[in-house]
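Asks: The sequence and its predicted three-dimensional model are supplied below.
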Amino acid sequence: MPLSLPLHSPLPNTSLFLPLSSHPPNFTLSTLPTINLHRRRRINHHHRSLTTTTTIRASVIQYDTTQQQPLLQVNDLKAKIVENGVEILHGVNLTVNQGEVHAIMGKNGSGKSTFAKVLVGHPEYEVTGGSVVFKGENLLDMEPEERSLAGLFMSFQSPVAIPGVSNDEFLVMAYNARRRKLGLPELGPLECFSYLMEKLKLVNMKPDFLNRNVNEGFSGGERKRNEILQLAVLGADLAILDEIDSGLDVDALRDVANAVNQLLTPKNSLLMITHYRRLLDLLKPTHVHVMVSYK
């Protein structure tokens, strides 16, 4: 049964929670209860404005990270809505290393989905400050399609339908575009079909899904499975899953989580946004962040 977690509830493998205060104090982890804590770090929170949004790293490291390489580095990221100029992100900092699984939680309106959309270059948002480095390159200088080809993938809360474009056509074009970016030869129809069948089994989808138009007439669960199928086919370096558990029954969620777990390697990483503990139990994040909006 889904369990909604308020910000003060203990999460699996976490040790730090920020109280909802207009003047957040400084904390050292030595003054707080710890669970599976292998190292200590001082975390300072500076109150910039009445609507500051920040992320809090849960300092739980369950394995040696000394040899890991930074995959994503976000420093003091600020962004606003283009239409009305309202600033949503007021200085977000995050580092994701290779092989890590990060979860972002928090109340609605705290900026979780905005953060994800800014990372993939959604046109509704404009970056007003800060920097984002992905695999050593300036992510903010890239167009959305360039970010995708570079290895960034995002699964949306409500995937859109694409009438007139079949799943197999979409997946083959996207996969071959990714191969070209990597300097690999494109695959022909027969080779692609064999490759796609392997990925269908991974997400427990029937082959006839390939003949249907992308998400057209799909149920909510089918759309979410289709998103993970795209992730499996493209083999992204960093996957961003925005509430992938929303609208899924227990069986569908288990299938999706199993597929995602099989796609994880020591070289790629996962950033997931969720409200529910059940997804944390299935994907077992190495870091949990709580995004808070101060008002």
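Replies: Alright, I've got the coordinates. Quick caveat, the model's predicted, so the values are computed rather than measured.

Asks: Could you use CA atoms for every contact and neighbour count after this?
Replies: Noted.

Asks: hey, where'd the strands end up in the stretch 151-295 of the chain?
Replies: Remark: strands assigned in the stretch 151-295 of the chain by DSSP state E, counting those that start in this stretch are 152-155, 162-166, 213-214, 238-242, 269-273, 287-293.

Asks: could I get these as TSV with distance to Lys80, mean pLDDT and mean neighbour count?
Replies: Below are those laid out as TSV (distance: least, Cα to Cα, whole Å; pLDDT from 0 to 100; neighbours: other Cα atoms under 10 Å):
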stretch	distance to Lys80	mean pLDDT	mean neighbour count
strand 152-155	20	94	22
strand 162-166	28	91	13
strand 213-214	31	92	22
strand 238-242	19	95	24
strand 269-273	20	96	23
strand 287-293	14	90	23
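
Asks: Mind checking those for the one nearest to Met205?
Replies: strand 213-214 (13.8 Å; Cα to Cα).

Asks: For the closest one, which outside residues touch it?
Replies: Under the contact criterion Cα atoms under 8 Å, 6 or more residues apart in numbering, strand 213-214 has outside partners 161-167, 170.

Asks: Could you please name the strands that strand pairs with and the direction of each pair?
Replies: Sheet pairing of strand 213-214 (DSSP bridges) gives strand 162-166 (antiparallel).

Asks: Met105 versus Val292, what's the distance?
Replies: Going from Val292 to Met105 by Cα to Cα, to the nearest Å gives 9 Å.

Asks: and if you look at Leu263?
Replies: From Leu263 to Met105 the distance is 22 Å (Cα to Cα).

Asks: And Lys199, by the same measure?
Replies: 29 Å.

Asks: Tell me which of the two has more neighbours.
Replies: Met105 (25 against 18; other Cα atoms under 10 Å).

Asks: got the residue ranges for the helices in the stretch 101-250 of the chain?
Replies: 112-120, 144-149, 167-181, 189-202, 220-234, 250-263 (DSSP state H, counting those that start in this stretch).

Asks: could those go into a markdown table alongside mean pLDDT and distance to Glu137?
Replies: Converted to a markdown table, these look like this (pLDDT from 0 to 100; distance: least, Cα to Cα, whole Å):
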| stretch | mean pLDDT | distance to Glu137 |
| --- | --- | --- |
| helix 112-120 | 95 | 13 |
| helix 144-149 | 94 | 10 |
| helix 167-181 | 92 | 15 |
| helix 189-202 | 89 | 30 |
| helix 220-234 | 90 | 20 |
| helix 250-263 | 90 | 24 |
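
Asks: wait, Pro163 sits on Glu216?
Replies: Yes: contact criterion Cα atoms under 8 Å: Pro163 and Glu216 qualify, at 6.3 Å.

Asks: Point me to the residue sitting closest to the centre of the chain.
Replies: In the chain, the C-alpha nearest the mean C-alpha coordinate belongs to Ile240, at 2.2 Å (Cα atoms, centre = their mean).
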